[in-house]
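S.K.: 3D, please:
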Amino acid sequence: MALNIKDEKVHALVKEISALTGDSQTAVVRRAVEQLHLRVQAQSGRGEEIRRSGARIGAQLVPLEPGEDPTAFLYDDRGLPA
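M.R.: Sure, this is the predicted structure:
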């Protein structure tokens with residue numbers, strides 16, 4: 001199985017990291033790809049968690065009547081904070 005990196009900057013960075021760490025270029029690329037994969041998975045899971053929370057909160061909302069003031073509960077009959 002082969003991966004041919006044609007971007008000179010990427011190749012130079014991989015070579016430099018390899019030289020600094022003593023790891024093979026393959027190990028450097030593997031580690032970078034694994035780290036990115038974990039980050040993407042975590043972000044994807046977080047998005048799903050947010051969607052579930054939104055659905056749960058949305059199910060608890062009470063619809064307003066037409067013309068009803070959505071801020072009415074914040075104030076008393078004198079217009080002061082409740």
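
S.K.: the helices in this structure, which residues?
M.R.: For the chain, applying DSSP state H gives helices covering 8-21, 25-60.

S.K.: remind me which residues of the protein are low pLDDT?
M.R.: Judged against pLDDT under 70, the chain has no low-scoring part.

S.K.: Centre-most residue in it?
M.R.: Gln43 (3.5 Å; C-alpha atoms, centre = their mean).

S.K.: can you list the helices of the chain in CSV and add distance to Asp76?
M.R.: C-beta here means a position set from N, CA and C on the backbone, and glycine is covered the same way. Below are those laid out as CSV (distance: least, C-beta to C-beta, whole Å):
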stretch, distance to Asp76
helix 8-21, 64
helix 25-60, 25
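
S.K.: Can you tell me which of those is most buried?
M.R.: The highest average neighbour count among those, using mean count of other C-beta atoms under 10 Å, belongs to helix 8-21 at a mean of 12.

S.K.: which other helices and strands contact that helix?
M.R.: Judged by 3 or more C-beta pairs under 8 Å, 6 or more residues apart in numbering; DSSP states H and E, helix 8-21 is in contact with helix 25-60.

S.K.: could you give the angle of the helix it packs on to helix 8-21?
M.R.: 110 degrees (axes from the mean of the first three to the mean of the last three C-alpha atoms, to 10 degrees).

S.K.: Helix 25-60 - contacts with which helices or strands?
M.R.: For helix 25-60, the packing partners by 3+ C-beta pairs under 8 Å, 6+ apart come out as helix 8-21.

S.K.: could I have the helix it packs on exported to PDB, CA atoms only?
M.R.: C-alpha atoms of helix 8-21 as PDB (Å, rounded to 0.1, in the frame of the first residue of the first chain):
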ATOM      1  CA  GLU A   8       6.500  19.600  -0.900                       C
ATOM      2  CA  LYS A   9       5.700  21.500   2.300                       C
ATOM      3  CA  VAL A  10       4.000  18.500   3.800                       C
ATOM      4  CA  HIS A  11       6.800  16.300   2.800                       C
ATOM      5  CA  ALA A  12       9.400  18.700   4.300                       C
ATOM      6  CA  LEU A  13       7.400  18.900   7.600                       C
ATOM      7  CA  VAL A  14       7.200  15.200   7.800                       C
ATOM      8  CA  LYS A  15      10.900  14.800   7.200                       C
ATOM      9  CA  GLU A  16      11.700  17.500   9.800                       C
ATOM     10  CA  ILE A  17       9.400  15.900  12.500                       C
ATOM     11  CA  SER A  18      10.900  12.500  11.600                       C
ATOM     12  CA  ALA A  19      14.400  13.900  12.100                       C
ATOM     13  CA  LEU A  20      13.500  15.600  15.400                       C
ATOM     14  CA  THR A  21      11.700  12.600  16.900                       C
END
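
S.K.: Perfect, I'm done here.
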